[in-house]
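**Q** Give me coordinates for this.
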Amino acid sequence: MPDLIDFSMVDWSRAQFALTAMYHWVFVPLTLGLIIIIAFMETLYVRTGDPQWKKITQFWMKIFIVNFVIGVATGIILEFEFGTNWSAYSWFVGDIFGAPLAIEGILAFFLESTFIVLMFFGWNKLRPRVHLFSTWMVALGSNLSALWILIANAWMQYPTGMHFNPDTARNEMLNFREVFLSPVAVNKFLHTVSSSYILASVFVIGVSAWYLLKKRHSLLAKRSILIAASFGLVFSVFTIFTGDGSARQMAMKQPMKFAAMEGLYQGKSEAPLMAIGIVPATREKYEIRETKKYTYQLEIPKLLSLMTFRDVHAFVPGINDIMNGNPDHGIVAMSEKIRMGRAAIDALKDYKEVRKNHDDLRAQATLSLFEDNYKYYGYGYFEHNPQKVIPSVPVSFYSFRIMVILGIYFLFFFIVILIRAVRNRLERSRFWLRLALVTIPLVYITSQVGWLLSEVGRQPWIVQDLMPTMAAVSHVNAQSVVVTFWLFAALFTLLLIAEITIILRQIKSGPKDGGI
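**A** Residues are numbered from 1 along each chain as shown. Now for the predicted structure:
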C-alpha cells in the first residue's frame with residue numbers, strides 16, 4: 001500500500017526508464033523509416049539495372065547499419081529494466097506483457113538479425129533479386145519488432161483480453177486476438193510507424209540538401225530527395241488520419257489523458273477546439289476551476305466535439321467531470337472509483353487469508369466482492385490524494401500542439417520539396433535546402449514530444465485503471481537505481497555522440513564507387 005512504497009525508488013525508476021526510452025527512440029524511428037526507403041531504392045536498382053541506384057542504396061545502407069546497431073544496444077537495456085526496476089509490474093501482468101515481447105525477440109528480431117548480415121555483406125555474393133529479398137526481410141523484421149513492442153505498450157494504455165487470477169495475483173491472457181487487434185494497438189502502431197517514416201524522409205532530404213549546397217554528389221542527392229519527399233508526403237497524409245484515430249481512441253479509453261491534452265477542465269457540449277493557448281504554470285486545486293482561464297487562447301467553435309465523436313452536439317468530459325462525476329453523462333465520480341478500488345484491494349487480501357483457513361464459503365463471498373470492484377482496482381491507491389490521478393496538463397497540452405503544428409509543417413515541407421525536385425529547381429533553392437537542414441532537429445523533437453504525450457499523459461498509471469506506477473516498482477534500494485541512472489546517462493550520451501560522429505564522417509566522405 002502507499003504507506004509502504006518507497007517514492008524515491010518510484011521517481012528514480014521512472015527517471016531511468018524515461019532516460020533509456022528517450023535515447024532509444026532517437027535511433028528507432030530512423031531505423032524503421034530508412035530501411036523502407038533503402039528497400040525501395042534497391043528495388044529501382046534491380047528493376048532498372050542502373051548502377052547509380054546501387055551506389056545510392058549502399059550509401060544509405062551504411063548509415064542505417066550504424067543507427068541499427070546502437071539502437072539495439074539501448075533497446076536491450078530498456079527491456080532488462082522491466083525485471084530490475086519494475087518487478088512488481090512484471091509479476092502483475094507478465095503473462096500478458098511478456099507474450100508480445102517474446103514474439104518480438106523470437107520472430108521479428110531474429111528475422112531482421114539474420115537477413116541484415118546477408119543484406120550488408122552479400123552484395124557480391126548473392127544474386128540481385130536474392131539480395132533485394134534480404135533487404136525487404138530486414139525492413140519487414142524491423143517493422144514487426146515495432147509492431148509487437150507497440151502492442152505491449154497499447155495494452156498498458158488499454159488492458160483487454162485478460163482475466164485476473166486471485167490465487168496467483170497475476171493477470172492471465174484469455175484472448176490473444178483482443179490484445180493483438182485492440183483499436184488502441186492498431187492506431188498506435190500505424191501512427192507510430194508512419195511518423196517514423198516521416199522522420200526518415202526528413203533525414204534523407206536534409207542530408208541530400210547538404211550535398212546540393214556543397215555541390216557534391218548531385219545525382220545521389222536529387223534522386224534521394226525525390227524518393228524521400230514522395231515517401232514523406234504519402235505518410236504525412238496517412239499520419240494525419242492515424243493521429244485522428246488515436247485521439248478518438250484516447251477520448252473513449254483514457255478520458256483523463258484526453259482532457260489534459262486538450263486543456264479541458266469543464267466538460268462541454270459543442271466543445272470548441274483549443275487551437276493555441278497558454279496554460280497557467282501553477283497546478284491549482286481542480287475543484288476551483290469552474291472554467292479554464294488561459295493567458296491566451298484561440299478556439300475553433302464546436303470542432304472538438306465534431307472531431308472526437310463525429311457530432312457537433314456531443315459532450316466532451318473535462319477534468320472536473322472525471323473527478324467529481326457527471327451522472328447525466330454516466331461518469332463515475334473519482335471518490336466512488338477510489339471506494340471501489342479500496343474494496344477490491346481489501347477483498348483480495350481477505351480472500352488470501354480465508355483461503356489459507358480453507359473457508360470456502362467466505363472465500364467465494366470475498367472473491368465475488370473482489371470481482372465486482374476489480375475494474376477500479378488501481379484507484380484504491382489514491383484514497384489519500386485523489387488529485388494524483390490528474391496528469392501534468394501543461395506537458396500534455398503543449399506536447400500535443402507542438403506535435404500537430406510541426407506535423408502540418410512537414411506536410412507542406414514535403415509538398416514544396418517534391419514540386420521543386422520534379423521541376424529540377426532544387427539546386428537554385430538555397431533557402432529550401434537550408435530549411436531542410438533545420439528540419440532534421442525539428443522532426444526529432446516532434447518524435448520525442450509524441451511519446452512524451454503518450455507516456456506522461458497516462459500517468460499515474462502503468463496499466464490504465466489497474467496498476468499505478470507507484471505500485472509497480474521493485475523492492476530494491478533506490479540508491480542502486482540512482483547509480484545506474486547516471487551510468488546509463490553517461491553511456492547513452494557517449495553512444496549518441498559516437499553515432500553522430502560516425503554518421504557525419506560517412507556523410508562527409510560520401511558514397512564510394514566500390515560499394516560498401
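**Q** The helix or strand of the chain with the lowest mean pLDDT pairs with which strands?
**A** Here the helix or strand of the chain ranked lowest by mean pLDDT, DSSP states H and E is strand 296-300, holding a mean of 76. Applying DSSP bridges, strand 296-300 is found paired with strand 273-278 (antiparallel).
**Q** contacts for the strand it pairs with?
**A** 262-264, 294-300, 303-304, 307, 397, 401 (CB atoms under 8 Å, 6 or more residues apart in numbering). (Glycine included, C-beta is placed from N, CA and C.)
**Q** so where do the strands sit in the stretch 401-516 of the chain?
**A** 461-463, 467-468 (DSSP state E, counting those that start in this stretch).
**Q** Output the contacting helices and strands for the next helix or strand after the least confident helix or strand of the chain.
**A** Next along the chain after strand 296-300, taking DSSP states H and E as the criterion, comes helix 303-309. Using 3 or more CB pairs under 8 Å, 6 or more residues apart in numbering; DSSP states H and E as the contact test, the elements touching helix 303-309 are helix 218-253, strand 273-278, strand 315-316.
**Q** Take these and write them to TSV, including mean pLDDT and mean neighbour count.
**A** Output for the helices and strands packed on helix 303-309, formatted as TSV (pLDDT from 0 to 100; neighbours: other CB atoms under 10 Å):
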stretch	mean pLDDT	mean neighbour count
helix 218-253	93	20
strand 273-278	80	16
strand 315-316	92	22
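**Q** Output the ones you listed as TSV; include the columns distance to R177.
**A** Converted to TSV, the helices and strands packed on helix 303-309 look like this (distance: least, CB to CB, whole Å):
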stretch	distance to R177
helix 218-253	18
strand 273-278	35
strand 315-316	31
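**Q** Which of these sits closest to L453?
**A** helix 218-253 (9.5 Å; CB to CB).
**Q** what sits up against stretch 340-353?
**A** So stretch 340-353 is in contact with 1, 166, 169, 363, 366-367, 369-370, 373-383, going by CB under 8 Å, 6+ apart.
**Q** Try it again at 10 Å.
**A** 1, 164, 166-167, 169, 332, 359, 362-383, 465-466, 468, 471 (CB atoms under 10 Å, 6 or more residues apart in numbering).
**Q** Can I get that stretch as CSV, trimmed to CA atoms?
**A** Extracted C-alpha coordinates of stretch 340-353, given in CSV (Å, rounded to 0.1, in the frame of the first residue of the first chain):
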residue,chain,number,x,y,z
MET,A,340,-14.5,0.5,-5.2
GLY,A,341,-10.7,0.2,-5.7
ARG,A,342,-10.2,0.1,-2.0
ALA,A,343,-12.9,-2.5,-1.7
ALA,A,344,-11.2,-4.7,-4.4
ILE,A,345,-7.8,-4.4,-2.6
ASP,A,346,-9.2,-5.3,0.8
ALA,A,347,-11.3,-8.2,-0.7
LEU,A,348,-8.2,-9.7,-2.4
LYS,A,349,-6.3,-9.5,0.9
ASP,A,350,-9.2,-11.2,2.7
TYR,A,351,-9.5,-13.8,0.0
LYS,A,352,-5.9,-14.9,0.5
GLU,A,353,-6.4,-15.1,4.3
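**Q** Going along the chain, name the helices of the stretch 351-500 of the chain.
**A** Ranges of helices in the stretch 351-500 of the chain, per DSSP state H, counting those that start in this stretch, are 360-373, 393-422, 430-456, 478-509.
**Q** Mind listing what's buried along the third one?
**A** Within helix 430-456, the residues that qualify as buried are 432-433, 435-436, 439-440, 442-444, 446-456, counting by 16 or more other CB atoms under 10 Å.
**Q** and if you look at the longest one?
**A** Across helix 478-509, burial judged by 16+ other CB under 10 Å covers 478, 481-482, 484-485, 488, 491-492, 495, 499, 502-503, 506-507.
**Q** Can you tell me which helices and strands that helix packs against?
**A** helix 7-48, helix 51-84, helix 183-213 (3 or more CB pairs under 10 Å, 6 or more residues apart in numbering; DSSP states H and E).
**Q** Select from those the stretch with the lowest mean pLDDT.
**A** In terms of average pLDDT, helix 51-84 trails the rest of the helices and strands packed on helix 478-509, at a mean of 88.
**Q** Nothing else from me, thank you.
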